[in-house]
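[1] Take this sequence and fold it.
(one chain, ligands or ions: 1)
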Amino acid sequence: MTTYDHDLFVIGAGSGGVRAARIAGGHGARVAIAEEHRVGGTCVIRGCVPKKLLVYGSHFAEDLVDARRFGWTLGDKGFDWATLRDNVLAEVDRLNGIYHTTLDSHSVTLFGAHATILDAHTVRVGDATVTTDKILIATGARPLVPDLPGAEYGITSNEVFHLDHLPKKLIIAGGGYIANEFAGVFHELGVHVTLVNRGDTILRQYDQALRDRLLQISMTKGIKFEFNVDFKGVEQTNTGIRVLTGGEPLEADLLLWAIGRRPNIEGLGLDAAGVALNDAHAIAVDADSRTNIDNIWAVGDVTDRVQLTPVAIREGHAFADSIFGNKPWTVDHGCIPSAVFSNPPIASVGLTEAEARNKLGTVKVFTSDFRPMRNVLAGRNERSLYKLVVDAATDVVVGAHMIGPDAPEILQALAIAVKAKLTKAAFDETVALHPTMAEELVLMR
Ligand SMILES: Cc1cc2nc3c(=O)[nH]c(=O)nc-3n(C[C@H](O)[C@H](O)[C@H](O)COP(=O)(O)OP(=O)(O)OC[C@H]3O[C@@H](n4cnc5c(N)ncnc54)[C@H](O)[C@@H]3O)c2cc1C
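    As a prediction, this is how the structure comes out:
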């Protein structure tokens, strides 16, 4: 029998890779992991975590205004970006330390370098060459920068957490969740934000009613939107950048590209090992996350199934249990809840109204369009919108969509009901918890 240096070599110590490594280690496998940037990956180092902390930090702008209506007298208020930035980055450092500890405590050998597959059982990592029985590719994705003259003058979400100072004017290119989240954050921090999109809408995969509501609220707050813009290039100016379009150029101090993320497959040696890609230039895998090569698997964003942290984690966990723990299971990619931490946030699970009409034919739609109690007293004219989409034939709730304060917190629990295929009658039989916003979910008739 051939003896390899490791039972498992994981490439990429992000959400999926770290989970797989520690579970496989726990099952007794001899595991190594390579990380070329920082252990923790996108979510912890430059994604979900620092982003959410900035969302919290920026929301104080409105909270402090509203506080006066609740009787609070406030002294002069001021905001210091460096304090927020450094505290957020310190929290990222703390979490990075915890991830290192987790790998250590599961006896996972860490290589802090870029890894390239040389053949199905050999990996080059930094200056070392190691052999391994199995390989897991968990290299994630990276921000897409368009192939345009001057595109390099823009930054991406990788750099945005490290800004020396806040810009006065910011152009965010894109219309997805990352674009809308940073639009909300920077607008609250006093930056003039223009969201510029090639298409004619935002958040294409979300229910139309929620998208319209977010657009309306964002515009009322003062965020500008430019749709159907043909990006031609970017120029540097004395004060910042100029975005060349088919029409009037757009000027700002800073440009943030948020136009999508692409699987990290470059320099991985996929050709050497014969690992096949799918049409989306992601690693093609089966339901068990196995590639076309028998001893190589891939999980997370690099497979471009659903680019979310909990999905990468689950895929990594299922792989490790199945291959090293003698507990085979697969990830169900249906009915995955998701959120946009815009201001206000959006959260959604299951079919949108349009998807349900296409798929099921007859659907019933229940909506609640209301001004949260807190907004009423604050004099803030912002309405929330909740929507339940029900299969008319079975009465099963097939989709739930919300925009409003705390929508993601509420939707996580609601997703259990939708995943469990509960009927609208079951919602109706549930007594309201009063006074809450969430009670609207059981009061829609
Ligand atoms: C701004 C932003 C906000 C986000 N917000 C959310 C959110 O709110 N909720 C959510 O669920 N998801 C969110 N995401 C997405 C989430 O971060 C990813 O889905 C998740 O991190 C994917 O995990 P992964 O294990 O596939 O890859 P990653 O976590 O990206 O880890 C991959 C790791 O592999 C390393 N690597 C790559 N190539 C090599 C190589 N050849 N050798 C060695 N190391 C390598 C990379 O440096 C990286 O650390 C956000 C992403 C961004 C960018």
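[2] could you point out which element follows the longest strand anywhere in the chain?
    For the chain, the strand with the greatest residue count under DSSP state E is strand 128-137. Counting by DSSP states H and E, the next helix or strand C-terminal to strand 128-137 is strand 141-143.
[3] about what we covered before: any part of the longest strand of the chain near the ligand?
    No - with Cβ under 6 Å from any ligand atom as the criterion, the ligand is not reached by strand 128-137; the gap is at least 8.5 Å. The C-beta positions use only the backbone N, C-alpha and C, and glycine is treated the same way.
[4] quick one: average confidence on stretch 374-385?
    Averaged over stretch 374-385, pLDDT sits at 97.
[5] Give the buried residues for that stretch.
    Of the residues in stretch 374-385, 375, 378, 382-385 count as buried by neighbour count, 16 or more other Cβ atoms under 10 Å.
[6] for stretch 185-198, same thing?
    Of all the residues in stretch 185-198, those buried under the rule 16+ other Cβ under 10 Å are 185-189, 191-197.
[7] From the residues you listed, pick the one nearest the ligand.
    Closest to the ligand out of the buried residues of stretch 185-198 is Val185 (10.6 Å), distances taken as Cβ to the nearest ligand atom.
[8] Can you pull the residues of the stretch 51-200 of the chain lying near the ligand?
    Going by Cβ under 6 Å from any ligand atom, the residues of the stretch 51-200 of the chain near the ligand are 51, 114-115, 138-140, 157, 178.
[9] Go through those residues and give me the one with the most neighbours.
    Ala138 (33 neighbours; other Cβ atoms under 10 Å).
[10] and Gly41, what does it touch?
    Neighbouring residues of Gly41 by Cβ atoms under 8 Å, 6 or more residues apart in numbering: 12-18, 35, 47, 140.
[11] Quick check: the residue nearest to the spatial centre of the chain vs Gly140, distance?
    Of all residues in the chain, the one closest to the mean position by Cα atoms, centre = their mean is Leu308, 5.3 Å from it. With distances taken as Cβ to Cβ, to the nearest Å, Leu308 is found 12 Å from Gly140.
[12] which residues touch Leu64?
    74, 77.
[13] ditto for Ile23
    Here Ile23 is in contact with 316-317, 320-321, 324-325 (Cβ under 8 Å, 6+ apart).
[14] circling back to that earlier point, reformat the buried residues of stretch 185-198 into CSV and put secondary structure, distance to Leu89 and pLDDT next to each item.
    Below are the buried residues of stretch 185-198 laid out as CSV (DSSP: H, G, I helix; E, B strand; the rest coil; distance: Cβ to Cβ, whole Å; pLDDT from 0 to 100):
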residue, secondary structure, distance to Leu89, pLDDT
Val185, helix, 15, 98
Phe186, helix, 17, 98
His187, helix, 22, 98
Glu188, helix, 19, 98
Leu189, coil, 16, 98
Val191, coil, 19, 98
His192, strand, 25, 98
Val193, strand, 22, 98
Thr194, strand, 27, 98
Leu195, strand, 25, 98
Val196, strand, 28, 97
Asn197, coil, 29, 97
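[15] circling back to that earlier point, using PDB, write out every CA atom in the longest strand of the chain.
    Extracted C-alpha coordinates of strand 128-137, given in PDB (Å, rounded to 0.1, in the frame of the first residue of the first chain):
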ATOM      1  CA  ALA A 128       7.400  22.100  -0.100                       C
ATOM      2  CA  THR A 129       6.100  19.100  -2.100                       C
ATOM      3  CA  VAL A 130       3.800  16.800  -0.200                       C
ATOM      4  CA  THR A 131       1.900  13.700  -1.000                       C
ATOM      5  CA  THR A 132      -1.700  13.000   0.000                       C
ATOM      6  CA  ASP A 133      -4.300  10.200  -0.400                       C
ATOM      7  CA  LYS A 134      -7.200  12.700  -0.900                       C
ATOM      8  CA  ILE A 135      -7.500  16.300  -1.900                       C
ATOM      9  CA  LEU A 136     -10.200  18.800  -1.100                       C
ATOM     10  CA  ILE A 137     -10.300  22.000  -3.100                       C
END
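[16] Now do the strands in the stretch 251-400 of the chain.
    Here the stretch 251-400 of the chain has its strands, by DSSP state E, counting those that start in this stretch, at 254-257, 261-263, 296-298, 338-340, 346-350, 363-370, 384-391, 397-403.
[17] okay if I get those as CSV plus distance to Val234?
    Listed next are these as CSV, based on distance: least, Cβ to Cβ, whole Å:
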stretch, distance to Val234
strand 254-257, 6
strand 261-263, 19
strand 296-298, 34
strand 338-340, 26
strand 346-350, 29
strand 363-370, 40
strand 384-391, 36
strand 397-403, 32
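[18] quick one: which of those is nearest Leu144?
    strand 261-263 (5.1 Å; Cβ to Cβ).
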